[in-house]
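1. Build me a model:
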Amino acid sequence: VHGQGALVEGEIKAALEDYVNKAVNSAAGKAESETASVELKLDRTTLNLIPGESYTLKCENLPDGADIEIYNETDNGNIATISGFVVTAGSVTGTTYVKAYIGGQYNYVEVNVQTTRAKIGVWAGTTIDAENEKYLLDDAALTRLADAGINEILGVWHNPDESLWSYKQFAATLDRAEELGIKIYPKYEGDGSTVPSYYTHNAIGGFIIFDEPGISKFAELKTIKDKVEEKTHKPCIVNLMGGSCSNESLGISDTSATNAYMNDMFENEYVKGFISAYNPSMLSYDCYPITVDYSTGENRSLREFYFRDFDIYSYNAKNNDIPFYYTLQSCGHDTGDQDKNGNITKKYPVPTAEDMRWQISVAMTFGAAGVNHYVYSSHADDYAGKTMFDYSSGKTTQLFEDMKVVNSETALWSGIYAEYEWEGISSVGSNDMFVKPAYRSGLKKIAEQDCLKHKIALEGITASIGSGQSALIGSFKNSSGERAYMIT
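-> The predicted structure is shown next:
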């Protein structure tokens, strides 16, 4: 300290604390002699990191010249280590908290550090407020999503014209996405001859080049994929349909058949046809299983084809040594099944936390490499008040909070899940969804056949279940040959 002699270590510490205390009080308009009370505000409340990954915390309300140190008081470094503001995930999946030291005071800071290997994404939906020229997935929104356990965002749209505001605002958020560990998969619109200038950014995980194509589009999409991937060296993803869609939409050759599941046309022509024509690095599809009556909102039920789609996609992904990703129902919307006269008979209710938890559990039982929520936000009237982020009010909803809880639960044991390779699906008990494929509303139900066509025999265990009950059993094996089973 200027004007004084040499200080011993304790005196240096006291002098620094006094300096910080005065700086804090000065910034707050208080007398320098008062004891400063600092309520720290960090930029994150939850860190979802893969083992070895780091994040540098930011403190939003530090006065000029002040500094803090962050300590990890509840963990020995297995879950996370703290060095200054840098938090690094350890090798053990779990939860720990940190506390901060400033101006002679300890402040507990609610930062939940959770190691994870889960890939959990969300489809962006509407991200543009055209009237006010505002991009809705700004830095604050990205931070909220990261705190909710999201590490991938799919289908983000912006105007491809790089001179326009939507493009510029989107590109401006990529640095924050990278800091948060979020990979962005924007929609690609073009023929592959040009790519957006931001493609080299580390936050760009790849591109969504089409959602739910018919068979007639496969060859064209392969051409676009090859051109874009050659230029960017990043994957081009196509999200596929479920087998309940009409034969006309799918592009099945025999449109006179009651349903594409008959004679395995959906699997052979659509799923296997896509793999052969497109040579994908992954399989991605969506299916929203929970419906209610359109007029009354009652008679909550599950789609009978739900497990059949999982069986087909998981088997073909494994058979071709590529991962598969499932998009779950994470919002409500009023579009749904129609009768032969075109009248909507079913709609999708807002799912509960239990609904989302169950869908993710089913996907993981079938060996899914990751899951994606549908959808973050929408401007459409059919979705009003039924998404995670309400477009009209500009606020997150209870659905967002429910998603956050379910994602955290999934992340907690994702490390164990990642250690095992999926071998196949089995079932126990009797369930119509195991033996009856889907039928289209207004048409005759098709003949019974096995919905779990590719199921395997259980090895190492026998399974039984009470009368009237049923369960799916996923079989897994790790690199040491140890078996594990997931029962849903």
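
2. Return the set of buried residues in stretch 179-195.
-> If you call a residue buried by 16 or more other CB atoms under 10 Å, then stretch 179-195 has these buried ones: 179-188, 192, 195. Backbone N, C-alpha and C define where each C-beta goes, glycine included.

3. got the end-to-end distance for stretch 325-341?
-> 34 Å (CA to CA, to the nearest Å).

4. Go ahead and confirm residue 52 touches residue 88.
-> Yes - counting by CB atoms under 8 Å, residue 52 touches residue 88, with 6.9 Å between them.

5. Compare neighbour counts for those two and give me the winner.
-> A count of neighbours by other CB atoms under 10 Å puts residue 88 above the other of residue 52 and residue 88, at 18 against 10.

6. what stretches of this structure score poorly on pLDDT?
-> For the chain, applying pLDDT under 70 flags the ranges 1-40, 62-75, 94, 97-110, 256-263, 436-449.

7. picking up where we left off before, of all the buried residues of stretch 179-195, which comes closest to residue 319?
-> The shortest approach to residue 319 among the buried residues of stretch 179-195 belongs to residue 185, at 24.9 Å (CB to CB).

8. From residue 204, how far off is that closest one?
-> 8 Å (CB to CB, to the nearest Å).

9. Next, give phi and psi for the residue nearest the centre of the chain.
-> Centroid-nearest residue in the chain, with CA atoms, centre = their mean: residue 121, separated by 1.8 Å. Backbone torsions of residue 121, given as degrees, to the nearest 10, read phi -120, psi 180.

10. tell me the contacts of the closest residue in space to it that isn't next to it in sequence?
-> For residue 121, ignoring the flanking residues on the chain, the nearest one in space by CB to CB, 6 or more residues apart in numbering is residue 152 at 3.3 Å. Applying CB atoms under 8 Å, 6 or more residues apart in numbering to residue 152 gives the contacts 119-122, 182-185, 205, 370, 372.

11. repeat that with 7 Å
-> By CB atoms under 7 Å, 6 or more residues apart in numbering, the contact set of residue 152 is 119, 121, 182-183, 185, 205.

12. what's the closest of these to residue 462?
-> Distance to residue 462, by CB to CB, is smallest for residue 119 among the contacts of residue 152, at 33.0 Å.

13. what's around the closest residue to that closest one other than its chain neighbours, how many residues?
-> Nearest residue to residue 119 in three dimensions, chain neighbours excluded: residue 370, at 3.1 Å (CB to CB, 6+ apart). Using other CB under 10 Å, residue 370 is surrounded by 20 other residues.

14. wait, doesn't residue 370 sit right on residue 325?
-> Yes - between residue 370 and residue 325 there is a contact under CB atoms under 7 Å: 4.7 Å.

15. hmm, back to that, quick check: the residue nearest to residue 119 vs residue 472, distance?
-> Using CB to CB, one gets 19 Å for the distance from residue 370 to residue 472.

16. And for residue 305?
-> Residue 305 is 15 Å from residue 472, by CB to CB.

17. How about residue 115?
-> Separation of residue 115 from residue 472 (CB to CB): 28 Å.

18. where do the helices sit along this protein?
-> 9-28, 139-147, 165-172, 174-180, 218-232, 247-250, 265, 272-278, 306-319, 353-365, 398-412, 414-418, 432-435 (DSSP state H).

19. From residue 228, how far out is the closest residue to residue 160 other than its chain neighbours?
-> Distances taken as CB to CB, 6+ apart put residue 189 closest to residue 160, at 5.4 Å, once the chain neighbours are dropped. Separation of residue 189 from residue 228 (CB to CB): 11 Å.

20. Residue 177 too?
-> As for residue 177, its distance to residue 228 is 20 Å (criterion: CB to CB).

21. Same check on residue 409?
-> From residue 409 across to residue 228, the span is 36 Å (CB to CB).

22. just residue 284 next, same as before
-> Residue 284 sits 16 Å away from residue 228, going by CB to CB.

23. Also residue 422?
-> 30 Å.

24. try residue 152
-> Counting by CB to CB, the gap from residue 152 to residue 228 is 18 Å.

25. still on that earlier bit, right, and the helices of the chain - which one's nearest residue 96?
-> The nearest among those, by CB to CB, is helix 398-412 at 12.5 Å.

26. quick one: buried residues of that closest one?
-> By neighbour count with 16+ other CB under 10 Å, helix 398-412 contains the buried residues 399-400, 402-404, 406-412.

27. quick one: contacts for the closest residue in space to residue 466 that isn't next to it in sequence?
-> Spatial nearest neighbour of residue 466, chain neighbours left out: residue 429 (7.9 Å); criterion: CB to CB, 6+ apart. Listed by CB under 7 Å, 6+ apart, the contact partners of residue 429 are 465, 469-471.
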